[in-house]
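> Okay, predicted coordinates and the sequence, questions at the end:
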Amino acid sequence: ASKLFTSSNNLNVQPTLPTKKNIFEEVINFLSWLEWLGLCIFLGFIVVSVRSILEFQRLLKVIRASTIYRRIGSLTIAVSDNVTVPFATLLLSKAWIILPLDILNSQKDFKTVVQHEIQHHRQKDTHWALFFEIVQCLFYLNPAVYLWKNKIIELQELACDESVIGQSKISAHEYASCLL
């Protein structure tokens, strides 16, 4: 019983300050490999989600900097010198078509490009774009998601091209020259 109750003078314990190495080792020992895997997957989800949010902010910046050319119902056609490729997008149930400023130089090209981009809205391609952004955030580790998205985008473009050529008085040759 006397060995249990010794005075502090007899103990030879010196306090040590935690070092970076000790803290790192404690954290590693604290988390199992499965917890580390879960943490890495969660951090990857955060990184991909932040990337999507930054892309959305960049899109908003382009739209705010563009000049409205015409409004047709809920569709707004705008031109911008900040873009080189026309695109269609959907923001809060409002359809947008953003065109490069130089497309206004040719009325025929303007009409063709607007028909193409309107077709994206008709086919609900802009809804699919939002869907794929969400799917990419959730399943960013799955390469099939990226392949699927790219294939769908390719098919959407071909479907729009086919529809515009089929419904307008533009030959395939004129349409192709407009795309270039």
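Received, thanks.
> Now do the helices in this protein.
Residue ranges of the helices in the chain, as given by DSSP state H, are 20-30, 33-65, 107-122, 125-138, 143-167, 172-179.
> TSV please, covering those and showing distance to Phe87, mean neighbour count and mean pLDDT.
The C-beta positions use only the backbone N, C-alpha and C, and glycine is treated the same way. Below are the helices of the chain laid out as TSV (distance: least, C-beta to C-beta, whole Å; neighbours: other C-beta atoms under 10 Å; pLDDT from 0 to 100):
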stretch	distance to Phe87	mean neighbour count	mean pLDDT
helix 20-30	45	10	65
helix 33-65	9	12	87
helix 107-122	7	18	88
helix 125-138	9	16	90
helix 143-167	11	14	91
helix 172-179	14	13	76
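> any chance of those helices in JSON lines, plus distance to Thr76?
Below are those laid out as JSON lines (distance: least, C-beta to C-beta, whole Å):
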{"stretch": "helix 20-30", "distance to Thr76": "51"}
{"stretch": "helix 33-65", "distance to Thr76": "9"}
{"stretch": "helix 107-122", "distance to Thr76": "11"}
{"stretch": "helix 125-138", "distance to Thr76": "13"}
{"stretch": "helix 143-167", "distance to Thr76": "19"}
{"stretch": "helix 172-179", "distance to Thr76": "22"}
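> what about Leu34, distance to Ile41?
11 Å (C-beta to C-beta, to the nearest Å).
> which neighbours do these two share?
Here Leu34 and Ile41 have no joint contacts, going by C-beta atoms under 8 Å, 6 or more residues apart in numbering.
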